[in-house]
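# predicted model and sequence follow; I will ask about them next.
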Amino acid sequence: MTNRQPGINNIGAEEPDRSASPSSVRRVPLLIVAELPADVFAWADRLRRTHYPAERNRLGAHATLFHGLPPSAEQAVTGLLAELAAERPPEARISGLMDLGGGTAFAVESPEMAAMHAEMAERLHGLIQQKDQRPLRLHITVQNKVPRAQARTLQAELSRSFAPQTFRFRGFGLYGWTGDLWQQLRVFPFRGQK
């Protein structure tokens, strides 16, 4: 595979919905993420490696768009992602911290990515999970599944040095669940990105 970000296969993400019934040749649930540019990825992934429980950290820093799509949708998904990636990279802004209860994330505002997500949800109707049909709340998770007190401590620590930053997404990432981690299947860079 080409266009891999360093270390992205070996570390952290939420586990997929195991109730999906794989039926394609690949036979693994699919995950679609918005890939971060190298500088934002390095910063967020360092935080994720430090604060996300290592045994649950199965994907590098990212912004999830769709969880656990059925493997039978892979051809439709790749066609759609290739089409949308021909657009210019959507602008985004890391606007603040997000309290996940038992975790911490950075909230991301991106009207352009939200519009792309809505289009994908409409075109993939019937294939996406119920939680992916809700309005998109983009975020970059750096900690999850920890005691509430631990999450609050990290939020207080990060809030002291937080400053909003803008960036453009690098592309879409398509991942498949191996049973142990999310493996990158393909990256669809936005126009002008690598």
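Looks like it arrived, so ask away.
# T141 bridge partners, please.
Here T141 sits in beta bridges with A105, going by DSSP bridges.
# run a quick neighbour tally on it.
Using other Cβ atoms under 10 Å, the number of residues around T141 comes to 24. Any C-beta I mention is one placed from the backbone N, CA and C, and that applies to glycine too.
# what does the helix or strand harbouring E157 contact?
Per DSSP states H and E, E157 falls inside helix 148-161. The contact list for helix 148-161 (Cβ atoms under 8 Å, 6 or more residues apart in numbering) reads L47, H51, L97, D99, L100, G101, G102, G103, T104, V142, Q143.
# try it again at 10 Å.
Helix 148-161 has contacts (Cβ atoms under 10 Å, 6 or more residues apart in numbering) with 47, 50-51, 53, 96-106, 142-147, 162.
# swap in stretch 107-118?
Identification of contacts with stretch 107-118 by Cβ under 10 Å, 6+ apart yields 32, 34, 36, 40, 63, 65-66, 80-81, 84-85, 87-99, 132, 135-140, 164, 166-169, 172.
# element containing G68?
Using DSSP H and E, G68 sits within strand 63-69.
# run me through the strand neighbours of that strand, direction for each.
Assessed with DSSP bridges, strand 63-69 is paired to strand 30-35 (antiparallel).
# what about the strands in this structure?
30-35, 63-69, 91-99, 104-109, 139-143, 165-168, 171-177, 182-189 (DSSP state E).
# now the angle between strand 91-99 and the fifth one, please.
Inter-element angle recorded for strand 139-143 and strand 91-99: 40 degrees (by axes from the mean of the first three to the mean of the last three Cα atoms, to 10 degrees).
# which other helices and strands does strand 139-143 contact?
If contacts are counted by 3 or more Cβ pairs under 10 Å, 6 or more residues apart in numbering; DSSP states H and E, strand 139-143 sits against helix 38-51, strand 63-69, strand 91-99, strand 104-109, helix 148-161.
# let's see that with 7 Å instead.
Applying 3 or more Cβ pairs under 7 Å, 6 or more residues apart in numbering; DSSP states H and E, one finds that strand 139-143 makes contact with helix 38-51, strand 104-109.
# same check on the third one?
Applying 3+ Cβ pairs under 7 Å, 6+ apart, we find strand 91-99 packed against strand 104-109, helix 148-161, strand 165-168.
# so for the residue nearest to A86 when sequence neighbours are not counted, what's the pLDDT?
Distances taken as Cβ to Cβ, 6 or more residues apart in numbering place R191 nearest to A86, at 5.8 Å, with adjacent residues excluded. Confidence at R191, expressed as pLDDT, is 92.
# quick check: R191 vs A92, distance?
Separation of R191 from A92 (Cβ to Cβ, to the nearest Å) stands at 16 Å.
# between these two, which one's more packed in?
Legend: neighbour count by other Cβ under 10 Å for R191 and A92, higher for A92 (25 against 10).
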